[in-house]
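Chemist: can you look at this prediction? I've put the sequence above it.
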Amino acid sequence: MRVRTTVFAVALLVASLSLAVAVAPATADAHQGDSERVVDQCAAEPPTDFDDPDGTTTEVVGWVEGYWYDEPLNISIEDGLTAAELDQLSARTAARFEALRCLTVQDGLPPVEIVPREEFATDQQSAGVGETARLLDNAKFETTLTIDSQTDSTEVRQADSAERVGGFYDFISEQIVVVTEDPAALRIDESVLAEELGHAIQDQQFDLSSYRRPTVDRDKGVLGLIEGDVGLVVDEYRAACEAGEWSEPCLDGGSDGGGGGDGPDIANWGLYFEEIHPYSDGPSFIEQTRAAGGWDAVNALYDDPPTSALHVTYPDTLGAVELTDPTVPDRSTDAWDRVPLGVAPTGGDPLTHDTLGISTITGMFAAPAYEDDTARAVLPRSGTTNFDDSGFVDQFDPHEFAHPETRGWRGDAFYTYSGEDNETATVWELVWASPEDAEPFVEGYEQLVDIRGGERVEGYAHTYSFDTETGYDIAVTLVPDGDRVTVVTAPTVEALTDVDQQLELLPVGYDDGGTTDDSGGGTDDGTTDDSGGGTDDGTTDDSGGGTDDGGTSDDGTVADGSDDGTGGDGSNGPSSVGADDTGNGGEAGSDTELGIVILPAVGLSFLVLLALLSTGRQRGR
């Protein structure tokens, strides 16, 4: 066991995250298991004396570095694990993962490094983030009315990751880092270790660093595969632990991922939902894929991965729905400069725009219902949190991302502009399957404007300004146009047409096909109860395949000369609730990641491995 002494840098990480919602204690009868054969048929049968097999670790499924998947270790965690015991536990845990996933360790087990939480939090706070990256991230959250103009989104991300990360796999340095409250007496949940080792095996088999995720949406799509794959296996691993189906009880370190028994504090709920998407919807996506074609079908996805969060939440869209990448010409005056993302997906010029997708849209509309100081909602809690048959939060699929506000999404382009004194403006064009599919987004956005304190600009439809006390120093206008909606923000109403000189603010009473509300702001009274406030109940429709849910993340490769603030050392970022544990620090590893502290934000280059550190009921199968 090596104690970490170096400063944690932005990198490609696979991390363990804690779930934000409180869950009930797990019970063994929550699962249906075969006590005689917990593992997959691909696993080798251990000899009764657990003697070494004839083959090697790379050849034998379920045997790693001298230990079989069901071999008793007879170690206790009460006084903490020694270095030798951690090595034993790592080997058997990896063997169990192999026996469930039908993949083998190829290059040996990664070393495990122990980091005190206090040190980890300090490293997060001190991680350098470039000014351009800050500007881009602040503009995104300001436009989505998720983090106000007075708050630095980078600091919010840093606080979030410091609180919720329980560990991560760094697939550049090929090591596992465990964040602990007491490094002198290491107590670790076996299922958490299984997640990190699972990512290591995954990396050795599929080379996680090869997957580029330059936008928020692409990051969530790729992470839906990476995190969903490991998440499904760990869910089954944990179920076997709870049901007592292994030869001896699994080790439970009592970890809570940095929070209390009710889960960690959430720095920002919009960010939380955006980041947790691949961890929430990914396992269901993989489960559906495996049911249709076995592990071979899952392995095939690594050759042609999902490229959008839409594919993960609505699996029937994968290969069947063509997404659009809209292009908006730069029509700003000389007072505004368009800011590229600072990363290039395959070399060449940096991307001119981000794609936010349905994880961001769900986050912006879900956040108010969870905020202590907000009495109204767009999406109610009952529509965004899934419960099991016993009424507890479903840890396997905790959150719902299938809503009318996301179902018809078919692409978007988010452009950021910089003006005098680092003022920002944005143009966000979204494409929908039909004009009818666009309407819930417009209605939801205008409800959100009302909740955040925006006021209709007299004489104009879909145009709003915010007083200083709201915290938002912006004006915003929406332009519905058939199956497209354009959102434009600027510091003032007058500046909106400077950002896009062809923009025409819509007059009150114009005919937009029924989305205009002449009565005052296009928003309702903001009083939303469980009935939905214009949303559905969160029940996934038939097109969604019954699934639910990083930050856009790429493979962690930052374009030379880009000011994205990432460390560039290729290390994975930490895991936290909803954070990207695939090693793409920011938006789940997007090329424009702000840095590891940003977790799933656009362009972070680390994978965050989700480990639901809060104990809770697992979904029965």
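Modeler: Right, received. Where do you want to start? Quick caveat: nothing in here was measured; it's all calculated off a predicted structure.

Chemist: tell me the mean pLDDT for the helix or strand containing Gly166?
Modeler: Secondary structure from DSSP states H and E places Gly166 in strand 165-170. Summarised as a single mean, pLDDT over strand 165-170 is 82.

Chemist: just stretch 337-357 next, same as before
Modeler: On average, stretch 337-357 scores 84.

Chemist: picking up where we left off before, can you name the element that comes right after the strand holding Gly166?
Modeler: Counting by DSSP H and E, the element after strand 165-170 in chain order, helix or strand, is strand 175-180.

Chemist: just the strands from the stretch 201-350 of the chain, written as ranges.
Modeler: Along the stretch 201-350 of the chain, the stretches classed as strands by DSSP state E, counting those that start in this stretch are 337-339.

Chemist: flag every buried residue along the strand holding Gly166.
Modeler: 165-170 (16 or more other Cβ atoms under 10 Å). No exception for glycine: its C-beta is placed from N, CA and C like everyone else's.

Chemist: and the residue nearest the centre of the protein?
Modeler: For the chain, the residue nearest the mean C-alpha position is Glu275 (2.6 Å; Cα atoms, centre = their mean).

Chemist: domain ranges for this structure, per the record?
Modeler: The chain breaks down by automatic domain parsing into domains covering 2-133+150-311+550-608, 319-377+397-544.

Chemist: how many neighbours does Asp337 have?
Modeler: Burial measure for Asp337: 12 neighbouring residues, criterion other Cβ atoms under 10 Å.

Chemist: that one reaches Tyr415, doesn't it?
Modeler: No. Applying Cβ atoms under 8 Å as the test, Asp337 and Tyr415 come out as separate, 11.2 Å apart.

Chemist: thinking again about what came up before, of all the domains of the chain, which one is nearest Asn386?
Modeler: domain 319-377+397-544 (5.2 Å; Cβ to Cβ).

Chemist: can you pull out the helices in this structure?
Modeler: Assigned by DSSP state H, the helices in the chain fall at 83-101, 117-126, 131-143, 153-164, 190-206, 216-242, 269-301, 309-313, 357-370, 381-384, 404-407, 435-451, 493-499.

Chemist: those: lowest mean pLDDT?
Modeler: helix 117-126 (a mean of 75).

Chemist: keeping just the C-alphas, turn that helix into CSV.
Modeler: The C-alpha atoms that make up helix 117-126 are tabulated as CSV, following Å, rounded to 0.1, in the frame of the first residue of the first chain:
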residue,chain,number,x,y,z
ARG,A,117,-9.9,13.0,1.9
GLU,A,118,-8.6,16.3,3.3
GLU,A,119,-5.5,16.1,1.0
PHE,A,120,-7.7,15.2,-1.9
ALA,A,121,-10.0,18.1,-1.3
THR,A,122,-7.0,20.5,-1.0
ASP,A,123,-5.7,19.1,-4.3
GLN,A,124,-9.1,19.7,-6.0
GLN,A,125,-9.2,23.3,-4.8
SER,A,126,-5.7,24.0,-5.9
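
Chemist: is the residue nearest to Pro111 when sequence neighbours are not counted in a bridge, and if so with what?
Modeler: The shortest distance from Pro111 to any non-neighbouring residue, by Cβ to Cβ, 6 or more residues apart in numbering, is to Gln175 (5.0 Å). Per DSSP bridges, the residues bridged to Gln175 are Asp170.

Chemist: what about Gln175, distance to Leu186?
Modeler: As for Gln175, its distance to Leu186 is 15 Å (criterion: Cβ to Cβ, to the nearest Å).
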